Structure formats: structure tokens, C-alpha cells
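K.L.:
heads up, no residue letters with this:
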């Protein structure tokens, strides 16, 4: 029984602690440019991308948007010709921002709400890896009040406190049979409320090139008294925990961005994001019945990983802007650590977007992001699940904005 319990608890992901569930969908204009936005002062989404650039925005405004994720994953077990697919469940990450203060002054204020981690992965209840995971639902919502100061006509600095609210629901089958003949099941549910920060500097050089540097801190999501719910034979139920505690690190990100302006109507943005995945050394759990079940420490040993982004915007007419982008993300997941709830691999990003301004104040932005993950064959060192994963993601988005 102890082996059954440990095998279940060791596969829990860290709140989307992988590229597969790290949600880089924080602004509709920026999504259309492959997520580049650190070195440009485009709109209210600068609250997330670079708080230092907020003070350089020409107008105040509010905006909101949503980007549903259509994730398609195929799995082929080693030695089998059978191909299994995940179920269709669409998570809807959102973003909302407001910027206010005197546009001609030195100090501006902002407020952001966005989902940097989240996702949904659902497999058939009887699929090959049912004893590893059958479903995962998770999200983390960040709330960020921000202050931005224009130190000079060429330099802006800014920062904000981040309040994080997270939830997770993970389910799997347990290799036991109930009295009705059905397979036993288990699920873990929990939430976390924690703090972090986001800060940046924005420089508009004499040559016209703009430069941005930002750092978003790590947030350690502390789950206390999470619910461990096991539907197992009654004779064994007392040996399973009902509560768990865990500290789950969400990684810090350091970004460098450049903005180029070859004409009055064209903006080129280049970003390099460095995500500090190395903090994810292990996954540890403390149980409420550890007099019978020992606490577990499961190695992960992720490594830092970078994402490269290039985006272009052209203000084609006064009312229409066209956008496009390309990027490449390196996976932080090493050999032997790929799991079916986080089937990660190096990926290419392709994006497009269009913006409409029906009036001087109102704006509507559409985006589309396509992510293609490299096919990856792995054997997980914890669970022994062996096979090939192939994943693609289709992410349309829409946002509304209003200037004042």
C-alpha cells in the first residue's frame, strides 16, 4: 500500500511547473508578436511586461482579454502501435490591466490581473498511464498593483507587489479493485495564497532604440491542509492520508527586451526570457498520518531554460494594425522526468494578430498563437511509463481596450 501511495504523490506537478503549463499569454498585442514586449511601451499590458515602461505610455486606459488553449497531445507506448489522445478541455487564461495618472507627469499607476500558470490535461480514465494521472486542472491568478516613475525623459523604473492565488485538482487510478469491481481512484485538491514582486527598467536611447530589463520573482506556493481523497477498499482506507502540505516553487523569470522602430508605423520587438527552473530540485510532501506513511521527497532536477521571441507590428492604417511573431522555447525538463500531465519538449512558436480601432478611444485586438512541441520519447524514472509524446497547441485570443 505504501508503494501505491508514494507512486501517486510523486507525479504531482508544481502548479504548471513546465513550459506546457507556463502561460505566456499576458497581452493580446504581445501574443500576436510571439509574446515579445519587455523592451517596448505598447499598452497597459506593460504592467506585466515591464513596469518601468508604464510611465512612458501616452494615454491612460483599461483592457481585458482571454485566450482559450486548445491542447492536443498524442501518446504511443513503447512497443505498441496504439495511439492515445488527451480529452478536449479548454482552459481560458485571461488578462486585465488598468493604467492611470497624469500622462504628462512623472508618476503613473497600474493594476494587473493575469494567469501566468495554469492548464488542463485530461486523459481517458482507462488509458495506458491511468496509474500515473487521469486528469489535471490547475491555475494561478496574479494580482499586481504597480507604480512607475519616469526618472528622466529617457529612463523609467517601476515595480509592483504580486499576490498569487492558486488551485490544483489532480486525479489518477489506484491499482486496487473496489467491491463493485471498479478501479480505485484518488485525487489531490489544494489552494495557495502567496506573495512576490515584479520590477523593471525601461530606457529610450538617443538613437531611438528602446531597452527593457525586468525580473519577476519566484513565488513559493505553500499548500496547507490540501485534501487527499482516496476511493479505495474500506479495509485499507485508514492507511491513506486525508491531508497534505507542500511548498511548491513557481520560478523567477529575468527578461531582456529591445525595441526597434524602422519607421513611424513599424515596431520590432526582441525578447530573451530566462526562467530559473533550477529551483525545482525536488517535490516534497508532508502527510497528516506520517506515523504510518513516511513523508516523501521526489527528485525533479529541472534546469534553467530560455525562450527567444521576435515580433513585428505595422500600423497599416489609422484603424488597423497587423502583427506577427516567431519564437523558440527550450524545455527545462531533463531526460527521465517527462510526465503525461507535463509532456514538455523544445517548441517553436508562431503567431499573428490584428488590431482594430473603431473609434479613437476603443480598440479590439485579435491574436493567434501556434505552439509545436518536438516529438519526445522518454521513460519516466519515477513511474516507469515509457513512450512517445507529441503535442501541439492552438491559442486564439481576443481583447478589448479603452483609452481615457
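P.N.:
Nice, I can see it. Fair warning: this is a prediction, and the values are worked out from it, not measured in the lab. Residues are numbered from 1 along each chain as shown.
K.L.:
How about residue 245: what's its closest non-neighbour residue?
P.N.:
Distance criterion Cβ to Cβ, 6 or more residues apart in numbering; nearest residue to residue 245, sequence neighbours excluded, is residue 286 at 4.5 Å. For every residue, glycine as well, the C-beta is placed using N, CA and C.
K.L.:
and that neighbour, what is it in contact with?
P.N.:
244-246, 295 (Cβ atoms under 8 Å, 6 or more residues apart in numbering).
K.L.:
if we go to 7 Å?
P.N.:
Residues in contact with residue 286, defined by Cβ atoms under 7 Å, 6 or more residues apart in numbering, are 244-245, 295.
K.L.:
partners of the host helix or strand of it, with directions?
P.N.:
For residue 286, the host element (DSSP states H and E) is strand 282-287. The sheet places strand 282-287 alongside strand 243-250 (antiparallel), strand 296-299 (antiparallel), with pairing taken from DSSP bridges.
K.L.:
Helix, strand or coil: sort out residue 39 for me.
P.N.:
Of the three states, residue 39 takes coil under DSSP: H, G, I helix; E, B strand; the rest coil.
K.L.:
So it sits against residue 257, correct?
P.N.:
Yes. Under the criterion of Cβ atoms under 7 Å, residue 39 lies in contact with residue 257, with a separation of 2.9 Å.
K.L.:
Pipe the contacts of residue 286 into CSV and attach neighbour count per row.
P.N.:
Conversion of the contacts of residue 286 to CSV gives the following (neighbours: other Cβ atoms under 10 Å):
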residue, neighbour count
244, 24
245, 16
295, 12
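K.L.:
Out of those, which is nearest to residue 223?
P.N.:
Distance to residue 223 across the contacts of residue 286 (Cβ to Cβ) is lowest for residue 245, with 6.4 Å.
K.L.:
quick one: residue 163 is in a strand?
P.N.:
Yes. The assignment for residue 163 by three-state DSSP puts it in a strand.
K.L.:
Let me see the contact set for it.
P.N.:
Residue 163 sits in contact with 143, 195, where contact means Cβ under 7 Å, 6+ apart.
K.L.:
Same check on residue 394?
P.N.:
In this structure, residue 394 makes contact with 70, 370, judged by Cβ under 7 Å, 6+ apart.
K.L.:
Just the buried residues of the helix or strand where it lies, please?
P.N.:
When secondary structure is defined by DSSP H and E, residue 394 falls within strand 386-403. Of the residues in strand 386-403, 387, 389-391, 393, 395, 397, 399, 401, 403 count as buried by neighbour count, 16 or more other Cβ atoms under 10 Å.
K.L.:
Also stretch 152-170?
P.N.:
For stretch 152-170, burial by neighbour count (16+ other Cβ under 10 Å) applies to 155-160, 162-164, 166-170.
K.L.:
That one: how far from the chain's middle?
P.N.:
Stretch 152-170 has its average C-alpha position 14 Å from the chain's average C-alpha position, going by Cα atoms, centre = their mean, to the nearest Å.
K.L.:
That concludes my questions; thank you for your assistance.
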